[in-house]
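> Got a sequence here, can you model it:
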Amino acid sequence: MKTQKYSVNQHLIETVLAWVKSGEIAIPEIQRPFVWDATKVRDLMDSLYQGYPVGYIIAWRNPNVKLKDGSQSAGKKILIDGQQRVTALTAAILGQPVVNQDYRKVKIKIAFNPMDENGKFEVFNTAIAKDSVWIPDISEIFSSSVDLYDFVEDYCKRNPNAVNREIFKKFDHLKKIISKQIGLIELDSDLDIETVTEIFIRINSKGVALSQADFAMSKISVNEQYNGPILRKCIDYFCHLAIAPEFWTQIKETDHDFAASPYFHKISWMSKEKDDLYDPDYTDLLRVAFTSQFNRGKLADLVSLLSGRNFETRTYEDEIAKQSFEKLEQGIVSFVNENNFKSFIMIIKSAGFISPDLIRSKNAINFAYILYLKLKRLGHNPADIESYVRRWFVMSILTGRYSGSPESSFDYDIRQIASRPFKEVIEAEEAGRLSSAFWEVTLVQQLETSVASSPYFNVFLAAQVKGADKGFLSKDITVADMINHKGDIHHIFPRDYLKKNGLSKIQYNQIANYVYMQSEINIKVGNKPPSQYLREVEQQCTTGMLKYGGIQDRNELLANLETSCVPPDIMTMSLQDYPDFLKQRRILMAKKIQKYYFNL
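I've put the predicted structure just below:
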């Protein structure tokens with residue numbers, strides 16, 4: 001029989017709020033800013049006033065840690081579900097400001113009208129401010145310095161129609177909200193993340209899942225001893241700046257504590273950064289910082305280490321927590337470093353991945369950054385680092401190395417990289433995963449798909465970018481130009497032509513039939529078969545009368561077909577040859593990708 005690893009108790013709201021004020025319960029901002037609309041705060045107060053249940057909150061106790069002198073330090077309760085409700089209570093009852101979705105501190109005032117038959121709550125507004133029947137901010141009533149009798153007397157003086165006894169009942173009933181009970185499910189400190197996550201999902205009515213990064217963020221944000229709250233802000237703010245650089249001004253104006261910290265300076269360069277190739281979220285940043293510093297790939301280990309877990313003795317020690325925070329801080333600082341970040345982005349772009357549209361695997365780019373930071377710290381030659389990162393990144397995409405759940409692969413790879421020369425690691429992986437069978441059979445088969453966002457097609461496009469290839473039938477406009485300016489992918493055998501001849505969508509929408517082609521050329525091609533429009537391009541090479549693009553030389557035309565991996569005998573192909581065309585082009589595309597890879 002399993003021992004119960006949690007307790008369920010009812011506590012007074014007053015008690016819960018006292019725990020929040022004292023720090024006994026820490027709100028880790030797992031969901032970060034307060035996302036409730038002010039009307040939901042109003043509704044919560046109304047529910048409590050009317051005596052309706054408001055559900056349970058869930059807290060996970062941090063383990064007690066052993067200090068250097070041998071004594072024990074008690075762990076706080078970390079709130080993992082109910083943040084919005086508890087924050088709403090602190091806002092409405094204690095009058096504390098909240099940080100909203102725009103990361104601004106705002107005060108939510110809930111007004112109360114005791115003259116209403118059932119007592120009425122409303123969000124404070126200018127109309128309420130002018131109406132004496134409303135108490136503009138109920139937090140006044142909960143202040144310990146307020147005498148309820150005096151408060152009622154003052155109210156009745158302002159409202160002659162008010163009946164003193166009835167008003168007193170309403171205010172007394174309101175004040176007794178803090179004596180209402182709220183359920184607290186407290187989870188034991190020795191529960192693992194998987195169990196805590198399962199409990200959370202089963203209890204949370206919305207079925208929202210917490211990630212391991214959420215738990216890591218909670219551990220960071222509640223540990224004031226080791227600079228956790230500022231570190232958490234550094235992570236959050238950097239990720240927010242990645243998608244909204246203008247947010248820098250707001251941080252400077254509204255978060256003076258962070259603006260005065262060294263971390264603000266470290267991320268300020270993002271205020272002028274417009275590149276969107278890699279916009280990490282907090283999970284990405286944590287994963288990269290942790291794995292590159294700790295040589296581990298499982299974020300559950302980070303959660304344990306930040307709690308001070310000694311994996312050998314299975315105890316918790318403050319010294320381990322301290323060292324873990326120091327190492328994590330180093331990882332975060334390395335991640336957000338301007339030179340590191342920009343150099344890494346240049347490496348990825350130098351592999352031909354110039355647009356976020358070409359990168360479908362966030363895990364692949366995360367590990368590529370891990371690899372960059374790790375090799376740099378190990379002192380590798382910069383030129384070798386560039387080549388290694390490019391090759392590992394492309395190999396990861398081609399083999400789906402980090403598709404699905406990446407943690408086990410991250411863990412295995414970083415341990416290999418940390419234990420032996422990287423040249424041995426990558427050569428062993430290439431020998432095992434990128435054999436001749438992969439290039440000649442597996443990759444050709446993978447190219448048989450109609451999904452335009454296929455990672456294999458994206459690698460092919462990256463190969464074209466790196467080779468500075470021109471667009472199909474273009475004289476000067478490159479594939480890179482069209483990708484950068486959101487150009488269009490078109491069909492070599494026109495879609496309308498194939499469709500009219502009875503081919504299905506999955507047949508004509510094959511990536512082996514796709515090319516980047518200038519729209520004006522594609523319009524001229526229309527629904528003509530390639531045997532016709534390519535014959536006309538040949539003619540323009542003789543006559544000089546341009547119809548499709550600017551190519552006027554037959555050798556230039558043949559070179560264009562070659563870089564586009566279009567078999568030259570397409571000029572004589574009929575509809576019946578279409579399946580053979582696809583087979584030939586897949587083989588040519590695979591060969592181009594292979595040559596590209598080994599030149600990285």
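> Pull up the gap between D411 and Y402, please.
Distance, D411 to Y402, by CB to CB, to the nearest Å: 12 Å. The way it works is simple: take the backbone N, C-alpha and C, and place the C-beta from them, glycine included.
> More neighbours: which of these two?
Set D411 next to Y402 and count neighbours by other CB atoms under 10 Å: Y402 wins out with 21 against 16.
> Can you find the helix or strand in the chain with the smallest mean pLDDT?
Least confident helix or strand of the chain, by mean pLDDT, DSSP states H and E, is strand 72-73 with a mean of 66.
> Quick one: name whatever helix or strand follows it.
strand 77-81 (DSSP states H and E).
> Mind listing residues that contact that following strand?
Contacts with strand 77-81, where a contact means CB atoms under 8 Å, 6 or more residues apart in numbering, come from 19, 24-28, 30, 56-62, 86, 186-187, 196, 200, 203-204, 210, 215, 218-219, 222.
> can you give me the end-to-end distance of stretch 132-143?
This stretch, stretch 132-143, spans 20 Å end to end (CA to CA, to the nearest Å).
> in that stretch, what's buried?
Buried positions in stretch 132-143, judged by neighbour count with 16 or more other CB atoms under 10 Å: V133, W134, I135, P136, D137, I138, S139, I141, F142.
> correct me, but the fifth one touches F124?
It stands for D137. Yes. Contact criterion CB atoms under 8 Å: D137 and F124 qualify, at 6.5 Å.
> any shared contact partners between the two?
With CB under 8 Å, 6+ apart as the test, D137 and F124 both reach K109, I110, A111.
> What is the nearest of these to G297?
Nearest to G297 out of those is I110 (CB to CB; 46.2 Å).
> From F124, how far off is the closest residue to the closest one other than its chain neighbours?
In this structure, I110 finds its nearest non-sequential neighbour in A92, 4.6 Å apart by CB to CB, 6 or more residues apart in numbering. Applying CB to CB, the value for A92 to F124 is 11 Å.
> So for these two, which sits in the more crowded spot?
Counted by other CB under 10 Å, A92 and F124 do not tie: A92 has more neighbours, with 24 against 19.
> Look up phi and psi at that one.
Main-chain torsions, A92, degrees, to the nearest 10: phi -80, psi -40.
> Model confidence for it, exactly?
Reported pLDDT at A92 in the predicted model: 92.
> give me every residue that touches it.
With contacts defined as CB under 8 Å, 6+ apart, the neighbours of A92 are V41, L44, M45, I108, I110, I138, S139.
> at 7 Å what do you get?
V41, M45, I108, I110, I138, S139 (CB atoms under 7 Å, 6 or more residues apart in numbering).
> now these as TSV including distance to P97?
Formatted as TSV, the contacts of A92 follow (distance: CB to CB, whole Å):
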residue	distance to P97
V41	13
M45	17
I108	8
I110	14
I138	16
S139	11
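> Which ones among those map onto strands?
I110 (DSSP state E).
> out of the contacts of A92, who's nearest Y226?
Among the contacts of A92, and counting by CB to CB, the member closest to Y226 is I108, at 31.3 Å.
> wait, doesn't that closest one sit right on V99?
No. Shown here, I108 and V99 do not form a contact pair, counting by CB atoms under 7 Å, at 11.5 Å.
> For those two, indicate the residue with more neighbours.
I108 (25 against 16).
> Who are the contact partners of that one?
A38, V41, A91, A92, V98.
> Tally up the residues packed near C541, please.
Neighbour tally, C541, other CB under 10 Å: 16.
> Over to the residue lying farthest from the centre of the chain. Which of the three states is it?
Going by CA atoms, centre = their mean, the residue of the chain most distant from its centre is P160, 57.2 Å out. Put simply, P160 is coil when judged by DSSP: H, G, I helix; E, B strand; the rest coil.
> Next one: it relative to F472, how far apart?
Relative to F472, and taking CB to CB, P160 is found at 85 Å.
> What residues does the nearest residue to K505 once chain neighbours are set aside make contact with?
Distances taken as CB to CB, 6+ apart put S450 closest to K505, at 7.4 Å, once the chain neighbours are dropped. Under the criterion of CB under 7 Å, 6+ apart, the neighbours of S450 are I506, N509, Q510, I511.
> and S450, that's in a strand?
No. S450: not assigned to a strand; according to three-state DSSP it is coil.
> And it, its phi and psi?
phi -100, psi 0.
> Pull up the gap between it and L443, please.
Separation of S450 from L443 (CB to CB): 17 Å.
> Just confirm I477 contacts G471, I think it does.
Yes. Contact status for I477 versus G471: in contact at 5.1 Å, counting by CB under 7 Å.
> the more surrounded of the two?
Higher neighbour count among I477 and G471: G471, with 26 against 19, using other CB under 10 Å.
> ok, now which ones touch that one?
I477, T478, V479, M482, Y516, M517, Q518.
> try 8 Å
Contacts of G471 (CB under 8 Å, 6+ apart): I477, T478, V479, D481, M482, G487, V515, Y516, M517, Q518.
> Equivalent analysis for G228, please.
The contact partners of G228, taken as CB under 8 Å, 6+ apart, are K219, I220, S221, V222, F325.
> So which of these is surrounded by the most neighbours?
I220 (28 neighbours).
> Which helix or strand contains it?
helix 212-221.
> how big is the angle separating that helix from strand 77-81?
140 degrees (axes from the mean of the first three to the mean of the last three CA atoms, to 10 degrees).
> mean confidence for the helix or strand that helix 212-221 is followed by?
Sequence order places helix 228-243 as the next helix or strand after helix 212-221, per DSSP H and E. Mean pLDDT, computed over helix 228-243, is 93.
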